[in-house]
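K.L.:
mind folding the following:
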Amino acid sequence: MRHTTRIELINQYDLVAVKLGVMNVEEVRRLTVTDALVDTGATGLCLPTSLIERLGLTPIKTVRARAATGIIDRILYSAVEFTILERTSLMQITDLPEGSPVLVGHMVLEHLDLCLDIKKGLIYNPAHDGEWITEIL
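P.N.:
Numbering: from 1, shown residues only. The predicted structure is shown next:
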C-alpha cells in the first residue's frame, strides 16, 4: 500500500542568512510537497533535482548509495529545515532523478518519532502517547 505525507521544506542556508541580517525573510526559498512518498526502504530525505534547484541547495559531495538497481552515485546537498505532522528538524538532501517522487525514508521517521501504520498512514509513535521522544544526538 502506498502512503504519502505533506512535507514543508526550507533552505537552511537562507534561514541562517536571515539571522545574519543579509537576507530578508521574504526571500527565503521554501516549498511544500503534498504527496511525498513515505518509503521505509529509503534512508534519508530524497528530492528530484528540479526541487533541489528550486530550493537553491548547494552540492556538498558525491556519495555511494545502494538502490534497487545496485550501487549508484548520488549527490549530497546542503540541509533543509523540514516539517512533517507539525514536527520540524534539519537534514541534508540526496538527489533523485527527475520524475521521481520526494522520498521520506526511515531515518526521517525515526528522527521525528513517527511510525507508518498500514491502515492509518503516518502517525505519531503510539509507544510514546503522542509525545515526541527522540534519541540523544
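K.L.:
which outside residues touch the lengthiest strand in the chain?
P.N.:
For the chain, the strand that runs over the most residues, judged by DSSP state E, is strand 70-84. Around strand 70-84, the neighbours that count as contacts under Cβ atoms under 8 Å, 6 or more residues apart in numbering are 5-13, 15, 45, 52, 55, 57-66, 88-96, 104, 108, 112, 114, 122. (Glycine included, C-beta is placed from N, CA and C.)
K.L.:
off-centre distance for that strand?
P.N.:
Distance of strand 70-84 from the chain centroid (Cα atoms, centre = their mean, to the nearest Å) equals 8 Å.
K.L.:
and stretch 97-108, by the same measure?
P.N.:
Its chain's C-alpha centre lies 8 Å from the corresponding centre of stretch 97-108 when counted by Cα atoms, centre = their mean.
K.L.:
buried stuff in that stretch?
P.N.:
101, 102, 103, 104, 105, 108 (16 or more other Cβ atoms under 10 Å).
K.L.:
list the residues that contact residue 98.
P.N.:
Residues in contact with residue 98 (Cβ under 8 Å, 6+ apart) are 48, 49, 50.
K.L.:
same deal with residue 121?
P.N.:
Going by Cβ under 8 Å, 6+ apart, residue 121 touches 3, 4, 5, 38.
K.L.:
bridging residues for it?
P.N.:
Using DSSP bridges, the bridge partners assigned to residue 121 are residue 117.
K.L.:
per-residue confidence at it?
P.N.:
On the pLDDT scale, residue 121 is placed at 90.
K.L.:
excluding its backbone neighbours, what's nearest the residue nearest the centre of the chain?
P.N.:
Closest residue to the average C-alpha location of the chain: residue 45 at 3.6 Å, with Cα atoms, centre = their mean. Nearest non-adjacent residue to residue 45, counting by Cβ to Cβ, 6 or more residues apart in numbering: residue 91, 5.0 Å away.
K.L.:
do I have it right that the one you found meets residue 105?
P.N.:
No. Counting by Cβ atoms under 8 Å, residue 91 sits too far from residue 105 to count as a contact (9.6 Å).
K.L.:
shared neighbours, these two?
P.N.:
Counting by Cβ under 8 Å, 6+ apart, the contacts common to residue 91 and residue 105 are 44, 45.
K.L.:
okay then, goodbye and thanks.
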